[in-house]
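Asks: After the sequence you'll find the predicted model.
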Amino acid sequence: MGSERGQGTIEYLAVVLVVAGVMAAAIGLLAATGLGGKVVDAFHRALCVVTGGACDQAAKVTGPCVLASEQHTDGGHISILMLRSGERDVVLRERRSDGTIALTLIGGDTLGLDFGTGAGGSIRWGKKTWAVGGELRAAVLAGADSGRTWIVRDDAEAARTIDHIQMATAVADFGKQHPVDVPEPRFTFSERSSAMTFNFHAGGRAAISLSAQDAYGERVDHVTGRRTVYIRDSLGGRGKVSYGRVSGTGEGRSEERIGITYDRNGHPVDFMVLSTLDVEGAAGLPRQLARVAGDLKVHGARHIETEQHLDLTDPVNAEIAQAFLATAGDDRLGVRLAAEALRDRLDQGATLDVRSYSTDASAHEVGGQVKVAGVGLGGSVGSEDESSRLVSAVTRQPDGAWAPDASCQPA
């Protein structure tokens, strides 16, 4: 999708910390697991309906925006020889612009290969990290996540919902039925992913962590009957180097989600691109967003989200999206031309909302790698807390001008 023209959303949210080799390997793993084919097939099934002129439903698929969020993650992994297994549990609370709270519970497992050399350990406590020894490791992983989201009225209802779920789970483990029914979730989703990670540390002198992940997922709204099929790509990196009295740290992360939403009758109504980027100051923004950096109040570390929606009931939009998805994978020129046309259409004809969040994070995690009787053993366990608060939100008007998003303003 690389091109200097347009500076579209699909192109500009790449993290420079992750080298091209890591991305190429991750893409190859996605192809090997068959996820890429599933995504293309699902999108083809959607677009064939559009080109047949069967869609006459509402176009833009949006909901209340997130004003603030709190996320707690528990998890860990264990590796023996070259085999690695891990799991995680996530509780996410999102305060939304309509006054409700979205409560999401996620559970996931990973399985794959972990290989490298060296021995040592590390501790992340709060915002600081300590390490001893030295190691160089890489992992290739396959993952499966599933989640449920409830829309509740306030914190009290969110707490009751979590208590009921935890009690029902605990009682079910003993083969009994919970006396209190857990409310049905508004949304459910499932996701399959492939990932590569790279980690290096040499005591407290240097540490580098890189990751790349591709995923395919489906999300269902059980009230409206709408279903979204999406692909998700994420890249991230963290680094620390110290030499004598000189030291420096850096961190970057981006994610892009591309999806098609169907109505309850199976008609595709929306093509969506949701991108996130963690930046340090306006200098890290793409040119398109740098022009509105003042409106976004981008000063210091910020989490930026851009959301674009393309109306698939529009014949021109449908034709361009179909051309992009129908391009053969080995036709690089065709892929480039089709991606360029879709990117230009998104930049010119799609709705575009941009939000800026201040963020904070802390962790309590320990991990290490040792050898026992010649057998490599390793693992990590811990938790991480992340929070965000909306600072500003802008939207692009039909005439191309930017204005504050009246439907998504800080409380």
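Replies: That came through fine.
Asks: Can you show me the helices along the stretch 201-350 of the chain?
Replies: 287-290, 293-296, 315-326, 332-349 (DSSP state H, counting those that start in this stretch).
Asks: Hmm, Gly86 and Asp109 touching each other?
Replies: Yes. Using C-beta atoms under 8 Å, Asp109 is in contact with Gly86, at 7.0 Å. In this view, the C-beta of every residue, glycine as well, is placed from N, C-alpha and C.
Asks: Could you check which of those two has the larger neighbour count?
Replies: Under the neighbour definition other C-beta atoms under 10 Å, Asp109 and Gly86 were set side by side, and Gly86 has more, 21 against 15.
Asks: Now the more buried one. Nearest residue, chain neighbours left out?
Replies: With sequence-adjacent residues excluded and distances taken as C-beta to C-beta, 6 or more residues apart in numbering, Gly86 is closest to His77, at 3.0 Å.
Asks: host element of that neighbour?
Replies: Secondary structure assignment for His77, by DSSP states H and E: strand 66-80.
Asks: which of the residues in that strand are buried?
Replies: The neighbour-count check on strand 66-80 (16 or more other C-beta atoms under 10 Å) flags 66-69, 71, 73, 75-77, 79 as buried.
Asks: and if you look at stretch 190-204?
Replies: 191-202.
Asks: Keep only those of the residues you listed that are in strands.
Replies: 191-202 (DSSP state E).
Asks: nearest to Ala170, of these?
Replies: Sorting those by distance to Ala170 puts Glu191 at the head of the list, at 25.7 Å, by C-beta to C-beta.
Asks: Against Asp314, how distant is that closest one?
Replies: Glu191 is 29 Å from Asp314, where distance means C-beta to C-beta, to the nearest Å.
Asks: what do you get for Ile80?
Replies: 54 Å.
Asks: count of residues packed around Glu94?
Replies: Quick note: Glu94 (other C-beta under 10 Å) scores 20 neighbours.
Asks: let me redo that: Met82
Replies: Applying other C-beta under 10 Å, I find that Met82 has 12 neighbouring residues.
Asks: which residues touch it?
Replies: 113-115, 376 (C-beta atoms under 8 Å, 6 or more residues apart in numbering).
Asks: Just the buried residues of the residues you listed.
Replies: 114, 376.
Asks: Among the contacts of Met82, which ones are in helices?
Replies: Using DSSP state H, no member of these sits in helices.
Asks: Switch the contacts of Met82 over to a markdown table; also include pLDDT and distance to His364.
Replies: Output for those, formatted as a markdown table (pLDDT from 0 to 100; distance: C-beta to C-beta, whole Å):
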| residue | pLDDT | distance to His364 |
| --- | --- | --- |
| Leu113 | 93 | 27 |
| Asp114 | 90 | 22 |
| Phe115 | 84 | 27 |
| Gly376 | 81 | 25 |
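Asks: Just the strands from the stretch 101-250 of the chain, written as ranges.
Replies: 101-126, 128-152, 187-202, 206-221, 227-243, 246-262 (DSSP state E, counting those that start in this stretch).
Asks: In TSV, list the ones you listed along with distance to Ala341.
Replies: Shown next, in TSV, are the strands of the stretch 101-250 of the chain (distance: least, C-beta to C-beta, whole Å):
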stretch	distance to Ala341
strand 101-126	35
strand 128-152	33
strand 187-202	28
strand 206-221	23
strand 227-243	19
strand 246-262	15
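Asks: bridging residues for Ser383?
Replies: Beta bridges link Ser383 to Asp74, His364 when assigned by DSSP bridges.
Asks: Leu235 too?
Replies: With DSSP bridges as the rule, Leu235 is bridged to Ala212, Ser254.
Asks: Quick check: it touching Phe198?
Replies: No. The criterion here is C-beta under 8 Å, and Leu235 misses it with Phe198 at 11.8 Å.
Asks: so what sits against both of these two?
Replies: By C-beta under 8 Å, 6+ apart, the residues touching both Leu235 and Phe198 are Ser211.
Asks: burial count for the nearest residue to Leu141 once chain neighbours are set aside?
Replies: Nearest in space to Leu141, with sequence neighbours left out and distances taken as C-beta to C-beta, 6+ apart, is Gly112 at 3.6 Å. A count of nearby residues for Gly112, using other C-beta under 10 Å, gives 21.
Asks: cool, the one 5 residues further on as well?
Replies: Other residues near Thr117 number 10, with proximity taken as other C-beta under 10 Å.
Asks: Model confidence for it, exactly?
Replies: Looking at Thr117, its pLDDT stands at 82.
Asks: With Ala138 instead?
Replies: For Ala138, pLDDT reads 90.
Asks: got a list of what the closest residue to it other than its chain neighbours touches?
Replies: Spatial nearest neighbour of Ala138, chain neighbours left out: Phe198 (5.0 Å); criterion: C-beta to C-beta, 6+ apart. Applying C-beta under 8 Å, 6+ apart to Phe198 gives the contacts 22, 137-138, 208-211.
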